[in-house]
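Asker: Need coordinates for the following:
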Amino acid sequence: MQNIIADNSPLNILVIGTGMYVCGRGTDGYGTILPAIYEWKKSGFVGDIFIAGTQSEGIRIIREKAEALDKLYGFTLNINYYPKNEMNDPEAYKKAIRDIPKPACAIVAVPDNLHRAVAGYALENELHTLVVKPLAPTIKETLELVELQKKHNVYCAVEFHKRYDRSNLKLRDTITGGKIGDPLYFVVQYSQRKSIPEERFKSWVKTTNIFQYLGIHYVDIIYFATGALPRRAMAIGQKNYLLSKGIDAYDSIQAVIEWQMRSGAIFTSSFFTNWIDPENTSAMSDQKIKVIGTRGRYEADQKCRGISLVTDGNGIEEPNPDFCSAYGVSNGDVAFQGYGIDSVLQFFRDIKHISAGHLKLKDFEGKRPTFRDSIVPTVVMEAVNRSLENDGKWVQTKFKNGKFAGFE
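Answerer: Numbering: from 1, shown residues only. Purely as a prediction, here's the structure:
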């Protein structure tokens, strides 16, 4: 796909959500989405920014984050905040959508259970839309969003940023190039600190689970790397630590998915996920993936990126320079770089290519994590959730001619 952008007209951007991923709420950082918009502005393309939250406190926090980034970058974004007053408003995003001038796009970063309603409203108002993973908690909602995208003829993608991680791109090339033969099994280990469910997501943690929040990333990577379809899934989980804190959520979930390649070859993936790692662990995310094939193996420790930092204040840290890191802060030439930033910037570039007439919506299928491409990860996620509800029983999936045809 082309990377040179001929259309340098402004693109107005609406961000729906004011949480950790948007602006680093609850952390000392700036999140991922807001820094990506500053990088887009630095490239000379950005128009006006509209940010919609539900609570005045969230708007206050993101204002402070934006003011700090203004100073770091040496320029100011023109940001319109919703709600505009001190009142809380769960539908402030609707007012923002009505106000935003075209051409425009929306980035939806709200709790999973709100994706269908919020993203659906953006599509109905003909906004190109990027949704943080997962697209929706159920396949029914995902298929509805796919149909809305087709009806309103807008570009829609899911922010599966791990597709832009070079170690996962290498994984895909290794598998598609046949270097390790047919996959036999994948092993995924993925966990985060307990402050995520205890503090940062406490208000909506009961509407999701650790597999849906974290595991879904690697479900998408396995689909992205192999093109395989899921045949069945099973999962079990444990409720111990979080339940003792009054939070009715799984500490850990283990899942097994059986997949079938286009060639007919069968492989499995085993997931081990939790979000009760100690707060003093050396990184926010501990993430590893391994695949064993008939002719070799591929292993990636995506926590240990080769950097170790030890200080009196923070102890031992293993930062991930490849995800979303700020560089040049000390010399006044700040730049946020990494695959988290790349994911958002690619969405903006794709919109510009569409508006310039270089590419059409169909050109992105199979090349980007489009809404349609999110059908398979959602099927796996719902099958895992159904298995959890049924004491770990296998949940069968049905596909006909490559299209999802239901659960058994």
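
Asker: And the helices in the stretch 51-200 of the chain?
Answerer: For the stretch 51-200 of the chain, the helices defined by DSSP state H, counting those that start in this stretch occupy 56-73, 92-99, 115-124, 139-152, 166-176, 195.

Asker: for the first one, packing partners?
Answerer: It refers to helix 56-73. On a contact count with 3 or more Cβ pairs under 8 Å, 6 or more residues apart in numbering; DSSP states H and E, helix 56-73 meets helix 20-23, helix 33-42, strand 79-82. All C-beta spots, glycine's among them, are computed from the backbone N, C-alpha and C.

Asker: To L72, which of the ones you listed lies closest?
Answerer: Set against L72 and scored by Cβ to Cβ, the helices and strands packed on helix 56-73 come closest in helix 33-42, at 8.3 Å.

Asker: can you list the weak-confidence ranges in this protein?
Answerer: 1-7 (pLDDT under 70).

Asker: Mind splitting it into its structural domains?
Answerer: 11-162+333-370, 166-321+374-407 (automatic domain parsing).

Asker: so how far is the first residue of the first one from its last?
Answerer: To tie it back to what came earlier, the one meant is domain 11-162+333-370. Taking Cα to Cα, to the nearest Å, domain 11-162+333-370 runs 20 Å from one end to the other.

Asker: Show me how far it is from its chain's centre.
Answerer: 12 Å (Cα atoms, centre = their mean, to the nearest Å).

Asker: Kindly report the same for stretch 317-330.
Answerer: 19 Å.

Asker: now the end-to-end length of that stretch.
Answerer: Terminal-residue distance, stretch 317-330 (Cα to Cα): 20 Å.

Asker: That one: which residues count as buried?
Answerer: The neighbour-count criterion (16 or more other Cβ atoms under 10 Å) identifies 318, 320, 322-325 as the buried residues of stretch 317-330.

Asker: Hmm, T294 is touching L184, no?
Answerer: Yes - if you go by Cβ atoms under 8 Å, T294 and L184 touch, sitting 6.5 Å apart.

Asker: and A283, that one's in a strand?
Answerer: No - counting by DSSP: H, G, I helix; E, B strand; the rest coil, A283 is not part of a strand but coil.

Asker: Which residue is the nearest non-sequential neighbour of it?
Answerer: In this structure, A283 finds its nearest non-sequential neighbour in E318, 4.7 Å apart by Cβ to Cβ, 6 or more residues apart in numbering.

Asker: out of the domains of the chain, deepest packed?
Answerer: domain 11-162+333-370 (a mean of 20; mean count of other Cβ atoms under 10 Å).

Asker: and the end-to-end length of stretch 32-51?
Answerer: 14 Å.

Asker: With stretch 196-212 instead?
Answerer: 14 Å.

Asker: how about the strands in the stretch 251-400 of the chain?
Answerer: Using DSSP state E, counting those that start in this stretch, the strands of the stretch 251-400 of the chain run over residues 252-260, 266-277, 285-293, 297-301, 309-311, 315-317, 325-327, 335-337, 395-400.

Asker: looking at those, which is closest to A52?
Answerer: Across these, closest to A52 is strand 335-337 (Cβ to Cβ), at 22.4 Å.

Asker: Return the list of helices and strands in contact with that closest one.
Answerer: helix 33-42, strand 325-327.

Asker: With distance to I375 added, can I get these in TSV?
Answerer: Putting those into TSV (distance: least, Cβ to Cβ, whole Å) gives the following:
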stretch	distance to I375
helix 33-42	24
strand 325-327	33
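
Asker: Tell me which of the ones you listed sits nearest to Q260.
Answerer: Using Cβ to Cβ as the measure, helix 33-42 is the one of the helices and strands packed on strand 335-337 that comes nearest Q260, at 35.7 Å.

Asker: Put the alpha carbons of stretch 111-123 into PDB.
Answerer: In PDB, the C-alpha atoms belonging to stretch 111-123 read as follows (Å, rounded to 0.1, in the frame of the first residue of the first chain):
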ATOM      1  CA  PRO A 111     -15.500   0.000  28.000                       C
ATOM      2  CA  ASP A 112     -16.200  -3.000  25.900                       C
ATOM      3  CA  ASN A 113     -19.900  -3.200  26.700                       C
ATOM      4  CA  LEU A 114     -20.400   0.200  25.200                       C
ATOM      5  CA  HIS A 115     -18.600  -0.400  21.900                       C
ATOM      6  CA  ARG A 116     -21.700  -1.400  19.900                       C
ATOM      7  CA  ALA A 117     -23.700   1.600  20.900                       C
ATOM      8  CA  VAL A 118     -21.000   4.200  20.700                       C
ATOM      9  CA  ALA A 119     -19.200   3.000  17.500                       C
ATOM     10  CA  GLY A 120     -22.600   2.300  15.900                       C
ATOM     11  CA  TYR A 121     -23.700   5.900  16.500                       C
ATOM     12  CA  ALA A 122     -20.400   7.100  14.900                       C
ATOM     13  CA  LEU A 123     -21.000   4.900  11.800                       C
END
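
Asker: Identify the residues contacting it?
Answerer: Stretch 111-123 is contacted by residues 14, 16, 93-94, 97, 106, 108, 110, 129, 131, 134-137, 141, 144-145, 148-149, 151-152, 154, 156, 204, 207-208, 212-213 when judged by Cβ atoms under 8 Å, 6 or more residues apart in numbering.
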